[in-house]
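Participant: please find the sequence and the predicted model below.
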Amino acid sequence: MDKRMSAREAVAQIEDGMTVGIGGWGPRRKPMALVREILRSDLKDLTVVSYGGADVGMLCAAGKVKKLVFAFVSLDFIPLEPYFRQARQSGAIEVMEIDEGMLLLGLRAAAWSLPFMPTEVGLGTDVLTHNPQIKIIDSPYDDKEWVAMPALPLDVSLIHVDRADFRGVCQIAGPDHYMDDWFARAANNTIVSCDELVDTDFFHDPARAREVFWERSATSAIVEAPGGAHPSSCSPRYGFDVAHFKAYAASAKDGGINAYMEQYLGADEAEYQRNVGGLEAITSLALPTY
Amino acid sequence: MDKRMSAREAVAQIEDGMTVGIGGWGPRRKPMALVREILRSDLKDLTVVSYGGADVGMLCAAGKVKKLVFAFVSLDFIPLEPYFRQARQSGAIEVMEIDEGMLLLGLRAAAWSLPFMPTEVGLGTDVLTHNPQIKIIDSPYDDKEWVAMPALPLDVSLIHVDRADFRGVCQIAGPDHYMDDWFARAANNTIVSCDELVDTDFFHDPARAREVFWERSATSAIVEAPGGAHPSSCSPRYGFDVAHFKAYAASAKDGGINAYMEQYLGADEAEYQRNVGGLEAITSLALPTY
Amino acid sequence: MSNAATEYTLAELCIVASAEAFRYDGEVLATGIGVIPRLAASLAMKTFNPDLMMTDSESFLLSEPNPLGERPADFQPATETWMGFSRIFDNVWSGKRHAMLGPTQIDRFGQSNTSALGGTYAQPKVMMLGARGFPGNSISHPNSFFVPGHNDRVFLAGECDYVSSVGYNPARLPKGHALDDIDIRRVITDLCVMDFGGPEHQLRLLSLHPGVTAEQVQENTGFALCIGDSVPTTPAPTVEQLAIIAALDPHNQRASQIAGNPPGKRS
Amino acid sequence: MSNAATEYTLAELCIVASAEAFRYDGEVLATGIGVIPRLAASLAMKTFNPDLMMTDSESFLLSEPNPLGERPADFQPATETWMGFSRIFDNVWSGKRHAMLGPTQIDRFGQSNTSALGGTYAQPKVMMLGARGFPGNSISHPNSFFVPGHNDRVFLAGECDYVSSVGYNPARLPKGHALDDIDIRRVITDLCVMDFGGPEHQLRLLSLHPGVTAEQVQENTGFALCIGDSVPTTPAPTVEQLAIIAALDPHNQRASQIAGNPPGKRS
């Protein structure tokens, strides 16, 4: 089964109103080439589930988001994501604001075909105040109350990885795969962009096969996108683009997302990369020190 | 914190009636040196939780087991564990017979401080007929019934690993860590035997640190026991001992566990190893081909 | 692939018939436990369903099935994805798997037993493996059965002594589930190929191995089978299939799987 | 370690005072978010509690804390255990962790806010990070707070605009839980050290930084503090502690953590 397709073909599978999970974490290994393709599309009314960074900010600013399921949205070195803030402060989006671990549990429940996972996380906080659809249940084994964190099944997940083959075997060579395995498993349709397309025999080495975090049956589409995580990082290949993120954040105060998109987005990824200095500039970005 | 101790000191921490989890899988990487130390002790009335192999057979035969929580007991190439069969067929032990995945869920629930995990596994089978303590619950999100697999908190876990340092950082270099991470996390007191004791700086290599599957706070005691998985395997160091397992299985028909223990167990691990041909013979055992 | 062989063993016939169970699965984990089911899944992956996934029976998914038994010292398995036992359950619970297994008892509901025979539950007469992963497999994903010795002790008259896996038993149907949610695919034995496609999920004869009669199958089954007017003969392996099987099983482990290693065409 | 320094910055005093929060923790994951909490946890690990565990803020546990900021090209972190973000939650839910964090609001119950200020929930006046991991941290394991600017906007008069973390609020206590199950340890600010050890878990003054008065602390707090008759002075860093801090923070990031980088002894 050859799962390769263009970013445009992959994004064309997404429909208005769908629930879209986005892998990565804050400014780290976000499937930005796929996010940009959504920006170029006329998709709307998406429910986005993300450990959010600029993916969330851009999609909110461009009016693609009806509802956001999140625990945080941040660019780390710029703690407050400017366009996400604008969206919240203007009341433009619905939200399901939950704890980071609850989000993980919701993805796992979906991956494991369960309606919910019990947890005490959320009790006593405004997570429950503002999410009355999250039910509190009794346990048959004790006298405590427990949060029944509902499954978060995804119509589509977008993930960026280091390498993949045409059948959807995906390697994350960086130090952390974040929750990407659960995004892949929780989704009906998992679209993966990769910095590098490799032959299948690349994985015929147990050390590399160890860096494959879900079986290929959980991958639906492979999009070759070198540098596709930019401006987020794809460690160990390249770091996040501090200067670009600063320009992005500044645009929120002056010009807005339309000015940002006008300047950078382009008609396709090739044009985007020319607008941000070229692929070589991206892959030369220094890794962050934490 | 120096967690090193002898097998005898470690096993002395176990008390009659405790619930003891045992890592490994069937004939693979079982903490047999620690199991042997239990055989030498006067411990009794244990509840044993295991993906069972000869660990379960020996403990049952030696009268150490009050109750067994299991999904299977097998030596793989000898499918039916002879002493486990005798224990069941003589009605000598209570059992909680569940599905392999339910056992995993029970360990995870304990590790995550949850009373239960929902699952549909077990529905329609005799797992539920014979375990009325496992409750069926309704979900607040659908009209199905769900099994509330109860947490399986462990007083003690026994695990065998390849390498460990004195602080309890444990490396499993073999191809699978089985459910050992969950046994470690589900237990109040995790006793780990290791084939090799190493200095802490051994782990100052990300590739090795990747083979550490739980943080040292989940390890309570470290017992240096080269060859300590024998007669089970500790891949990639040594395979399981086919000849020894055959002799063990034969003893069940002729002589029983007392004859087996008389011939092999010895007063300590050094004597055991002399009785089975020496450490060099153990570490020379060929790896199995699957 | 249409060059029917004239000489083949019953084991080889069963491998080919069992492989058919995986033909339309698409991209799922094919788990064949035992020599014949494993060769069947491997044959399917090597021929008509290359999208199948398979483990090395240890901890990795393979792009190419491993041959059985000892392999040359320089053999390099085609690993593609780490798949330790804990991750197997992520796959099981996703439903993207098809297992072929050989339980000790199979009843008219398709319920199976891997645990205990006779006596009481507290003290069974014959203790076997335990429930294993059968409860989870049967409620989560499609399953097939392979039975090397078709008789009325395996296909027993009553209900299984211990029900390890769910079947089409209305009395045990969980709330909110439908019998049609249960997905038992093929039952391959040394006599025939069957499925549960009869009326009300009755076990149905699909094909008879050469030289076997429907009466013979019914006599060796403890409950009534659904038998059509004309039951076809299980297709013979092709020459190409036999060559692939021989390459996958260089030590001929398949020869010891059915008592006496009879030929596929019985007189 | 008893050689009190005479010259030190307020940031250094806060680091040392914050390190004390981890002294009796035993073997837990110490997570300090922000420069001063991270240096505090690192100092504790390097001195009086070597059993602490710490991450590299990316994906590994370290046997030795990493210094902050750019490190030499040949620097080798002392990794000991992979600890990706998903595994962090295995640790959180086990309770074997102590986090020190800097929320934007802390109310009299010890509830804190990292999410939103003012307006309505549908349209807050100021949106911040979100609930982050605060709900899970606060119900699962001990937590401490560091506040670089002690004022009555942080320590507000009412309840937090958004409650990200549970505190000692009887009105929000979950069924089956006790207030004593909640474990907020220390609150370190630029003025003082506090805990919730007052009557009915009232915020209590433990020590005043040199030159700060109890009245000054109370004036900058939006609710009544528990203040004893004689409040000790926060101990000065020792010379040895300052040297360790300097080694852990070679680029002096601590100098920019408290406005104006004042000295520890204020006149």
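Facilitator: Sure, I can see it. Numbers count the residues shown, from 1 in each chain, chains lettered A, B, ... in the order given.

Participant: check whether the helix ranked longest in chain C comes near chain B.
Facilitator: Looking across chain C with DSSP state H, the single longest helix is helix C:35-46. No. No part of helix C:35-46 sits close enough to chain B to count as contact by Cβ under 8 Å from any Cβ of the partner chain; the gap is at least 10.1 Å. Heads up, the C-betas are built off the backbone N, CA and C, glycines and all.

Participant: ok, that helix near chain A or not?
Facilitator: No. Using Cβ under 8 Å from any Cβ, helix C:35-46 never reaches chain A; the gap is at least 12.6 Å.

Participant: so what secondary structure elements neighbour that helix?
Facilitator: helix C:10-19, strand C:29-32, strand C:54-55, strand C:97-101, strand C:143-147, helix C:239-248 (3 or more Cβ pairs under 8 Å, 6 or more residues apart in numbering or on different chains; DSSP states H and E).

Participant: how about the ones you listed, which one is nearest residue C:211?
Facilitator: helix C:10-19 (9.7 Å; Cβ to Cβ).

Participant: who touches that closest one?
Facilitator: With contacts defined as Cβ atoms under 8 Å, 6 or more residues apart in numbering or on different chains, helix C:10-19 is touched by C:32, C:36-37, C:39-41, C:43-44, C:47-48, C:100, C:144, C:146, C:148, C:186, C:188-190, C:193, C:207, C:209-210, C:234-238, C:241-242, C:245, C:254-255, C:257-258, C:261-264, C:266.

Participant: now do it and strand C:97-101, the angle between them.
Facilitator: Relative orientation of helix C:10-19 and strand C:97-101, computed by axes from the mean of the first three to the mean of the last three Cα atoms, to 10 degrees: 150 degrees.

Participant: over helix C:10-19, what's the mean pLDDT, rounded is fine.
Facilitator: For helix C:10-19, mean pLDDT is 98.

Participant: how big is the angle separating that helix from strand C:143-147?
Facilitator: Using the same axes, to 10 degrees: helix C:10-19 against strand C:143-147 is 170 degrees.

Participant: apart from its neighbours in sequence, what residue is nearest residue A:178?
Facilitator: Excluding the flanking residues, the one nearest residue A:178 by Cβ to Cβ, 6 or more residues apart in numbering or on different chains is residue A:25, at 4.5 Å.

Participant: so what's the one you found up against?
Facilitator: A:51, A:53, A:176, A:178, A:179, D:85.

Participant: span of stretch C:135-155 from start to end?
Facilitator: End-to-end span of stretch C:135-155 (Cα to Cα, to the nearest Å): 19 Å.

Participant: buried stuff in it?
Facilitator: C:135-148, C:150, C:154-155 (16 or more other Cβ atoms under 10 Å in any protein chain shown).

Participant: stretch C:84-97 too?
Facilitator: C:84-94, C:96-97.

Participant: picking that back up, next one: the longest helix of chain C to chain centre, how far?
Facilitator: 10 Å (Cα atoms, centre = their mean, to the nearest Å).

Participant: before we move on, what about stretch C:197-212?
Facilitator: With Cα atoms, centre = their mean as the basis, stretch C:197-212 stands 15 Å off its chain's centre.

Participant: what's in contact with that stretch?
Facilitator: Residues contacting stretch C:197-212 (Cβ under 8 Å, 6+ apart): C:10, C:13-14, C:17, C:108-110, C:155, C:168, C:179, C:186-187, C:190-196, C:214, C:217, C:221, C:223-228, C:231-236, C:264-267.

Participant: repeat that for 6 Å
Facilitator: C:13, C:168, C:191-196, C:225-227, C:231-234, C:265-267 (Cβ atoms under 6 Å, 6 or more residues apart in numbering or on different chains).

Participant: roughly how far apart are the closest residue to residue A:256 other than its chain neighbours and residue D:139?
Facilitator: Using Cβ to Cβ, 6+ apart and skipping the chain neighbours, the partner closest in space to residue A:256 is residue A:61 (7.2 Å). According to Cβ to Cβ, to the nearest Å, residue A:61 and residue D:139 sit 34 Å apart.

Participant: check residue A:107 too.
Facilitator: Residue A:107 is 20 Å from residue D:139, by Cβ to Cβ.

Participant: next one: residue A:267
Facilitator: Here the criterion is Cβ to Cβ. By it, residue A:267 lies 49 Å from residue D:139.

Participant: repeat for residue A:26
Facilitator: 23 Å.

Participant: how about the closest residue to residue A:210 other than its chain neighbours, phi and psi?
Facilitator: Distances taken as Cβ to Cβ, 6+ apart put residue C:82 closest to residue A:210, at 4.7 Å, once the chain neighbours are dropped. Per-residue torsions, residue C:82: phi -70, psi 140 (degrees, to the nearest 10).

Participant: what is residue C:82 paired to in the beta sheet?
Facilitator: residue C:60 (DSSP bridges).

Participant: hang on, the earlier thing: quick one: buried ones out of the contacts of helix C:10-19?
Facilitator: C:32, C:36-37, C:39-41, C:43-44, C:47, C:100, C:144, C:146, C:148, C:186, C:188-190, C:193, C:207, C:209-210, C:234-238, C:241-242, C:245, C:254, C:257-258, C:263-264.

Participant: against which helices or strands is the helix or strand encompassing residue A:194 packed?
Facilitator: Using DSSP states H and E, residue A:194 sits within strand A:187-197. In terms of contacts (3 or more Cβ pairs under 6 Å, 6 or more residues apart in numbering or on different chains; DSSP states H and E), strand A:187-197 is packed against strand A:154-164, strand A:221-224.

Participant: please repeat the previous calculation with a cut-off of 10 Å.
Facilitator: Counting contacts by 3 or more Cβ pairs under 10 Å, 6 or more residues apart in numbering or on different chains; DSSP states H and E, strand A:187-197 is packed against helix A:7-12, strand A:19-22, helix A:32-40, helix A:100-111, strand A:154-164, strand A:170-171, helix A:180-186, strand A:221-224.

Participant: could you dump those into JSON lines and include mean pLDDT?
Facilitator: Listed next are the helices and strands packed on strand A:187-197 as JSON lines, based on pLDDT from 0 to 100:
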{"stretch": "helix A:7-12", "mean pLDDT": "98"}
{"stretch": "strand A:19-22", "mean pLDDT": "99"}
{"stretch": "helix A:32-40", "mean pLDDT": "98"}
{"stretch": "helix A:100-111", "mean pLDDT": "98"}
{"stretch": "strand A:154-164", "mean pLDDT": "98"}
{"stretch": "strand A:170-171", "mean pLDDT": "98"}
{"stretch": "helix A:180-186", "mean pLDDT": "98"}
{"stretch": "strand A:221-224", "mean pLDDT": "98"}
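
Participant: would you turn the ones you listed into a markdown table with mean neighbour count and distance to residue D:64?
Facilitator: Compiled in a markdown table, these are given as follows (neighbours: other Cβ atoms under 10 Å in any protein chain shown; distance: least, Cβ to Cβ, whole Å):
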| stretch | mean neighbour count | distance to residue D:64 |
| --- | --- | --- |
| helix A:7-12 | 19 | 43 |
| strand A:19-22 | 26 | 35 |
| helix A:32-40 | 25 | 35 |
| helix A:100-111 | 26 | 27 |
| strand A:154-164 | 26 | 29 |
| strand A:170-171 | 28 | 30 |
| helix A:180-186 | 28 | 29 |
| strand A:221-224 | 23 | 41 |
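
Participant: minimum distance to chain D: which of the ones you listed has it?
Facilitator: Minimum separation from chain D across the helices and strands packed on strand A:187-197 (Cβ to the nearest Cβ) falls at helix A:100-111, 4.3 Å.

Participant: CA atoms only: put the closest one into PDB for me.
Facilitator: Extracted C-alpha coordinates of helix A:100-111, given in PDB (Å, rounded to 0.1, in the frame of the first residue of the first chain):
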ATOM      1  CA  GLU A 100      -2.200  17.900  30.100                       C
ATOM      2  CA  GLY A 101      -2.600  14.500  31.500                       C
ATOM      3  CA  MET A 102      -6.400  14.400  30.900                       C
ATOM      4  CA  LEU A 103      -5.700  15.100  27.300                       C
ATOM      5  CA  LEU A 104      -3.400  12.100  27.200                       C
ATOM      6  CA  LEU A 105      -6.000  10.000  28.900                       C
ATOM      7  CA  GLY A 106      -8.600  11.100  26.400                       C
ATOM      8  CA  LEU A 107      -6.400  10.100  23.500                       C
ATOM      9  CA  ARG A 108      -5.600   6.800  25.100                       C
ATOM     10  CA  ALA A 109      -9.200   6.000  25.700                       C
ATOM     11  CA  ALA A 110      -9.900   6.700  22.100                       C
ATOM     12  CA  ALA A 111      -6.900   4.600  21.000                       C
END
